[in-house]
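1. Curious how this folds, go ahead:
(one chain, ligands or ions: 1)
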Amino acid sequence: MVSKGPLLRLLTAINRRRMKLLMGFAFVAYVASVWGNFVNMRSLQENGDQKVESRIEEAVAPLREKIKDLEKSFTQKYPPVKFLSEKDRKRILITGGAGFVGSHLTDKLMMDGHEVTVVDNFFTGRKRNVEHWIGHENFELINHDVVEPLYIEVDQIYHLASPASPPNYMYNPIKTLKTNTIGTLNMLGLAKRVGARLLLASTSEVYGDPEVHPQNEDYWGHVNPIGPRACYDEGKRVAETMCYAYMKQEGVEVRVARIFNTFGPRMHMNDGRVVSNFILQALQGEPLTVYGSGTQTRAFQYVSDLVNGLVALMNSNVSSPVNLGNPEEHTILEFAQLIKKLVGSGSEIQFLSEAQDDPQKRKPDIRKAKLLLGWEPVVPLEEGLNKAIHYFRKELEYQANNQYIPKPKPARMKKGRTRHN
Ligand SMILES: NC(=O)c1ccc[n+]([C@@H]2O[C@H](COP(=O)([O-])OP(=O)(O)OC[C@H]3O[C@@H](n4cnc5c(N)ncnc54)[C@H](O)[C@@H]3O)[C@@H](O)[C@H]2O)c1
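-> Take a look at the predicted model:
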């Protein structure tokens with residue numbers, strides 16, 4: 001038997017130390033790996049937490065928006081509304097009430113304290129134009145096409161439903177004809193059934209390409225019955241005929257407003273009319289396009305003047321047609337220069353070749369409205385233009401956010417030629 005000598009003892013002691021050292025290393029490695037796993041787990045967990053949080057955020061964001069909308073609708077502040085007694089408060093229907101003129105008329109009648117029902121098929125109108133009244137106890141918005149009959153109880157009907165600008169009414173001429181004929185028959189039928197008074201929003205276009213200047217209400221007009229504009233011009237002429245047939249045969253109370261060019265906030269950006277064209281071109285830094293020398297004249301009324309005229313006519317005893325427009329004439333070039341100045345635009349004025357059938361003069365004779373309604377326009381051109389420019393600027397911002405910027409369309413097309421409206 002070999003006895004453990006001092007050498008063996010030494011070797012054993014060394015091995016034991018190694019073992020201890022190895023065990024120490026192993027322990028440190030174990031602790032390190034456990035720590036590493038722990039740290040990994042934590043960062044994984046943190047990442048996971050962040051992902052979950054961002055998913056929750058994504059899911060909650062629309063709900064938050066909805067809550068905000070709901071809160072807004074509960075705390076909605078409406079424009080101030082007068083209080084009218086039951087006796088004075090009227091139930092008023094406005095067809096086409098979500099359009100340019102109709103929405104301003106809605107504002108006026110609502111603020112005067114009446115109950116207003118807007119009927120619109122949103123062909124050219126927008127809910128945005130009347131959204132500030134949605135939820136008000138005196139207001140109702142009905143999505144309805146006037147080509148279909150309507151059964152409601154009302155005291156007065158402002159019948160405005162019809163596309164009004166050339167690109168819009170030429171888009172579907174048959175529909176324009178139906179709206180102005182069948183739509184008007186339906187509204188006259190409603191007026192007859194419920195004993196309401198009806199005001200027709202007719203147009204200066206019933207005078208066609210006039211041979212007399214300025215046009216008064218006795219002028220019968222000069223309209224091409226088969227031209228591209230006939231769907232509108234003749235549609236409105238027959239709508240007037242229908243009104244007087246219902247008045248004579250059925251005793252319906254009618255009022256007929258022959259409206260001349262009107263401008264203001266909420267007008268269509270791309271309707272191809274001279275005011276909207278010039279404002280859009282000036283705001284977008286594009287040349288202001290003038291056809292011919294620019295010496296042709298036009299007259300525009302501001303929308304609040306028109307609205308006051310419509311209400312005055314409705315509540316008058318004048319049943320024959322009445323012109324509503326601003327007789328203050330300006331040349332097209334003056335309009336271009338003024339709009340350029342008011343916008344503060346560096347756009348140049350570009351002269352294009354003269355359009356063949358561009359009328360040299362457009363001016364309403366409003367003596368009848370002055371005499372019988374005590375009405376005349378009061379808003380100065382510059383003041384109205386500034387309001388329209390402000391609106392167009394905001395609309396461009398709004399539409400840029402929605403990735404849509406309309407370009408002005410060429411002015412009215414007739415026989416393939418452009419002209420100023
Ligand atoms: N703005 C003007 O310069 C002017 C000039 C002369 C006459 N008018 C007349 O005034 C009225 C209003 O014109 P606007 O400039 O406000 O035009 P607009 O296009 O802004 O408004 C017309 C409204 O009628 C609605 N509508 C069209 N067809 C309809 C249908 N079948 N059923 C229900 N709603 C329908 C449209 O959606 C729109 O809201 C029109 O009758 C127009 O002929 C306007």
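
2. where in the stretch 301-421 of the chain is pLDDT low?
-> Applying pLDDT under 70 to the stretch 301-421 of the chain flags residues 355-359, 403-421.

3. For it, just list every one of the helices.
-> Ranges of helices in the stretch 301-421 of the chain, per DSSP state H, counting those that start in this stretch, are 303-314, 332-343, 367-368, 381-401.

4. So which of these is the most surrounded?
-> Highest mean neighbour count among the helices of the stretch 301-421 of the chain (mean count of other C-beta atoms under 10 Å): helix 303-314, with a mean of 22. C-beta coordinates here come from the backbone N, C-alpha and C atoms, glycine included.

5. Is the ligand within reach of that helix?
-> No. Judged by C-beta under 6 Å from any ligand atom, helix 303-314 stays clear of the ligand, getting no closer than 7.8 Å.

6. For the ligand, what's the nearest residue on the stretch 101-250 of the chain?
-> Across the stretch 101-250 of the chain, the shortest distance to the ligand (C-beta to the nearest ligand atom) belongs to residue 125, at 2.0 Å.

7. need the contact list for the residue nearest to that residue when sequence neighbours are not counted.
-> Distances taken as C-beta to C-beta, 6 or more residues apart in numbering put residue 98 closest to residue 125, at 3.3 Å, once the chain neighbours are dropped. Contact analysis of residue 98 by C-beta atoms under 8 Å, 6 or more residues apart in numbering lists 118, 120, 122, 125-127, 129-130, 141.

8. By neighbours, which of those wins?
-> Counting neighbours by other C-beta atoms under 10 Å, residue 118 leads the contacts of residue 98 with 30 neighbours.

9. now the nearest residue to residue 374 once chain neighbours are set aside: how far from residue 93?
-> In this structure, residue 374 finds its nearest non-sequential neighbour in residue 312, 7.3 Å apart by C-beta to C-beta, 6+ apart. Using C-beta to C-beta, to the nearest Å, we find residue 312 at a distance of 19 Å from residue 93.

10. Can you name the residues of the stretch 151-300 of the chain that neighbour the ligand?
-> Counting by C-beta under 6 Å from any ligand atom, the stretch 151-300 of the chain sits next to the ligand at 160-164, 168, 179, 183, 201, 203, 259, 261-262.

11. so of these, which ones are in helices?
-> With helices taken from DSSP state H, the overlap with these comprises 168, 179, 183.

12. can you pull the contacts of the residue lying closest to residue 287 once chain neighbours are set aside?
-> Leaving out its chain neighbours, the residue that sits closest to residue 287 by C-beta to C-beta, 6+ apart is residue 350, at 3.8 Å. The contact partners of residue 350, by C-beta under 8 Å, 6+ apart, come to 287-290.

13. ok, those residues vs residue 66, which is closest?
-> Distance to residue 66, by C-beta to C-beta, is smallest for residue 288 among these, at 43.9 Å.

14. what about the closest one, how many neighbours?
-> Residue 288 has 27 neighbours, counted by other C-beta under 10 Å.

15. before we move on, the earlier item: nearest to residue 213 among the helices of the stretch 301-421 of the chain would be which one?
-> helix 367-368 (14.0 Å).

16. Now do the strands in the stretch 51-200 of the chain.
-> In the stretch 51-200 of the chain, the strands defined using DSSP state E, counting those that start in this stretch lie at 91-95, 115-120, 139-143, 156-159, 197-203.

17. Which neighbouring elements make contact with the second one?
-> With contacts defined as 3 or more C-beta pairs under 8 Å, 6 or more residues apart in numbering; DSSP states H and E, the secondary structure elements packing on strand 115-120 are strand 91-95, helix 100-111, strand 139-143.

18. Just name the most buried of these.
-> Highest mean neighbour count among those (mean count of other C-beta under 10 Å): strand 91-95, a mean of 26.

19. Just checking: what are the partner strands of that one?
-> Paired neighbours of strand 91-95 in the sheet (DSSP bridges): strand 115-120 (parallel), strand 156-159 (parallel).

20. now those strands in JSON lines, with mean pLDDT?
-> Below are the strands paired with strand 91-95 laid out as JSON lines (pLDDT from 0 to 100):
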{"stretch": "strand 115-120", "mean pLDDT": "98"}
{"stretch": "strand 156-159", "mean pLDDT": "98"}
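
21. Go through these and pick out the most buried.
-> Highest mean neighbour count of the strands paired with strand 91-95: strand 156-159, a mean of 27 (counted as mean count of other C-beta under 10 Å).

22. chain center to that strand: distance?
-> The chain centroid and the centroid of strand 156-159 are separated by 21 Å, computed with C-alpha atoms, centre = their mean, to the nearest Å.

23. Pull the residues that contact that strand.
-> By C-beta under 8 Å, 6+ apart, strand 156-159 touches 90-97, 102, 105, 146, 183-184, 187, 190-191, 196-201, 310, 314.

24. Only the C-alpha atoms, please, for that strand, written as PDB.
-> Presented in PDB, the C-alpha positions along strand 156-159 are these (Å, rounded to 0.1, in the frame of the first residue of the first chain):
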ATOM      1  CA  GLN A 156     -93.400  78.700 -45.800                       C
ATOM      2  CA  ILE A 157     -91.300  77.000 -48.500                       C
ATOM      3  CA  TYR A 158     -88.100  78.600 -49.900                       C
ATOM      4  CA  HIS A 159     -87.600  76.500 -53.000                       C
END
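
25. ok so, going back, looking at the strands paired with strand 91-95, which is closest to residue 270?
-> strand 115-120 (19.3 Å).
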